[in-house]
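In: Sequence below, structure please.
(chains A and B)
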Protein chains: 2
Amino acid sequence: MAVVRRLPRYYRYLDDLYHAGVLRISSKLLAERMDLTASQIRQDFNNFGGFGQQGYGYNVEHLRREIGSILGLNNNHTAILIGVGNIGHALLANFTFERHGFTLTAAFDTKPELIGTQIRGLTILDVAGLDDFCKDKTPDIAVLTVPRSVAPSMASRLALLGVRGLWNFANIDLDTQLHGEMARQKVTVENVHFSDSLMTLCYRIGAKKD
Amino acid sequence: MAVVRRLPRYYRYLDDLYHAGVLRISSKLLAERMDLTASQIRQDFNNFGGFGQQGYGYNVEHLRREIGSILGLNNNHTAILIGVGNIGHALLANFTFERHGFTLTAAFDTKPELIGTQIRGLTILDVAGLDDFCKDKTPDIAVLTVPRSVAPSMASRLALLGVRGLWNFANIDLDTQLHGEMARQKVTVENVHFSDSLMTLCYRIGAKKD
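Out: Alright, predicted model coming up:
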């Protein structure tokens, strides 16, 4: 799982390099950028069959494509978003789902003043229509940007509707609360915890001061 | 660094347990909750002097306090927030900085319609007054929730103003772009990349399907 956790970072760096027109990169330079050792990188890539040629570095376009393929970014997954508050709105307005493996097919909210409005071409739908939508379109995952208080009940509802993954921004640990239910329904939960990176920063500025 | 990356997660789980009134927890149960092995947990804690007594499990309150202290959560760090768009607004309205080591002392924006308004008791200030504020109050870190296009110049400005850390939501890799400058000014950058967890979810739902 630790290697898998590094794959998105590899992909992100390679994607940046690719879009900057870089053709090849050495494991040494990639390691420096990623704050890893070159041997760690070679070991990681060997886990997946190895992508490099000794002494020639890595072909950026090839490596990016291979890692993207391992991550499943080309599998035409679909996503819906539930809850167009501040975070939901920010994701709809700025986040490029397509570049990270998903087509966003719908967004839902309960507020009458939001329903029917558009953000980047996507019309906000009434959450009352969520069940019919899911039965009809079977989205792969749901982005959970609802208030904390309704997150568990919404997660259960989405699980029963056949959603296979939850990208959870609700700042509540659904794995702990709904562990049995999510496991039974085979729903994968990926929690986004802002606090972890802030506490890491807290540690790092303290360590630097000493 | 890998252990350090796990500390915030340990703290988060222990904080939840603490607030739920749990007094003791075994390394086995903590491991299950955190998707680690019990021996991994014992090894991590031994790195920091060990907190447990064989066979008795861990005292939740004590362990939470010790890990919080290693992270430096009680060091009275101060933070300012730059950019009250959707993400900035969400953090101001919902994120409990105090529980994660920081007192938020000011928020800044450029928009006249925002300046002077309040969110959770904090008045939005004009970014024109940023330099004076920083010279006077010397905040430890800045939360960077500005648009991507202005993030590098704002990061440079904050570095020159003596800020020691950046919690960067601007979806741009400041480490790469401003590596030399941030290193010279001894600024620690912690990037928040939403895409990493979405790509991990993409991998996990694909792996489960096979």
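
In: ok, A:Leu178 touching A:Ser156?
Out: Yes: if you go by Cβ atoms under 8 Å, A:Leu178 and A:Ser156 touch, sitting 6.7 Å apart. Quick note: C-beta positions are derived from backbone N, CA and C, even for glycine.

In: of these two, who's got more company?
Out: Set A:Leu178 next to A:Ser156 and count neighbours by other Cβ atoms under 10 Å in any protein chain shown: A:Leu178 wins out with 22 against 17.

In: pLDDT at the more buried one, what is it?
Out: pLDDT, A:Leu178: 70.

In: So it versus A:Pro152, what's the distance?
Out: Separation of A:Leu178 from A:Pro152 (Cβ to Cβ, to the nearest Å): 6 Å.

In: so which helix or strand takes in A:Ser80?
Out: Check again: residue A:80 is Ile, not Ser. strand A:77-82 (DSSP states H and E).

In: which residues sit in contact with the nearest residue to A:Leu144 once chain neighbours are set aside?
Out: Distances taken as Cβ to Cβ, 6 or more residues apart in numbering or on different chains place A:Asn168 nearest to A:Leu144, at 4.7 Å, with adjacent residues excluded. Contacts for A:Asn168 (Cβ atoms under 8 Å, 6 or more residues apart in numbering or on different chains) come out as A:144, A:151, A:155, A:174, A:189-192.

In: Likewise for A:Val3?
Out: A:44, A:47.

In: Make sure it is indeed in a helix.
Out: Yes: under DSSP: H, G, I helix; E, B strand; the rest coil, A:Val3 falls within a helix.

In: about what we covered before: just the pLDDT at the residue nearest to A:Leu144, thanks.
Out: 94.

In: Report the beta-bridge partners for it.
Out: Applying DSSP bridges to A:Asn168 gives these bridge partners: A:Leu144, A:Asn191.

In: Which parts of chain A are helices?
Out: A:2-19, A:27-34, A:38-47, A:60-71, A:86-94, A:130-137, A:151-160, A:174-177, A:179-184, A:194-209 (DSSP state H).

In: so what's A:Lys135 closest to, chain neighbours aside?
Out: A:Leu161 (7.2 Å).

In: For that neighbour, the count of nearby residues, please.
Out: Look at A:Leu161: counted by other Cβ under 10 Å, it has 18 neighbours.

In: same check, this time on the one 5 residues further on
Out: When counting by other Cβ under 10 Å, one arrives at 28 neighbours for A:Leu166.

In: who's in contact with it?
Out: Residues near A:Leu166 by Cβ under 8 Å, 6+ apart: A:141-142, A:144, A:155, A:158, A:174, A:182, A:187-190.

In: Lowest pLDDT pick from these?
Out: A:Leu174 (68).

In: roughly how far is stretch A:11-22 from the heart of the chain?
Out: Here stretch A:11-22 is found 18 Å from its chain centre; the criterion is Cα atoms, centre = their mean, to the nearest Å.

In: Run the contact check for that stretch versus chain B.
Out: Yes: against chain B, stretch A:11-22 shows contacts by Cβ under 8 Å from any Cβ of the partner chain at A:11-12, A:16.

In: buried stuff in that stretch?
Out: For stretch A:11-22, a neighbour-count test (16 or more other Cβ atoms under 10 Å in any protein chain shown) marks A:11-18 as buried.

In: wouldn't A:Gln118 be in contact with A:Ala93 here?
Out: No: if you go by Cβ under 8 Å, A:Gln118 and A:Ala93 don't touch, sitting 10.9 Å apart.

In: Test my guess that A:Leu125 contacts A:Lys111.
Out: No: the pair A:Leu125 / A:Lys111 is not scored as a contact, 11.8 Å apart, by Cβ under 8 Å.

In: The two - which one has more neighbours?
Out: A:Leu125 (17 against 13).

In: End to end on stretch A:34-42, go ahead and measure it.
Out: 13 Å (Cα to Cα, to the nearest Å).

In: List the buried residues of it.
Out: Buried residues in stretch A:34-42 (16+ other Cβ under 10 Å): A:34, A:36, A:41-42.

In: try stretch A:71-91
Out: For stretch A:71-91, by 16+ other Cβ under 10 Å, it's A:71-73, A:77, A:79-91.
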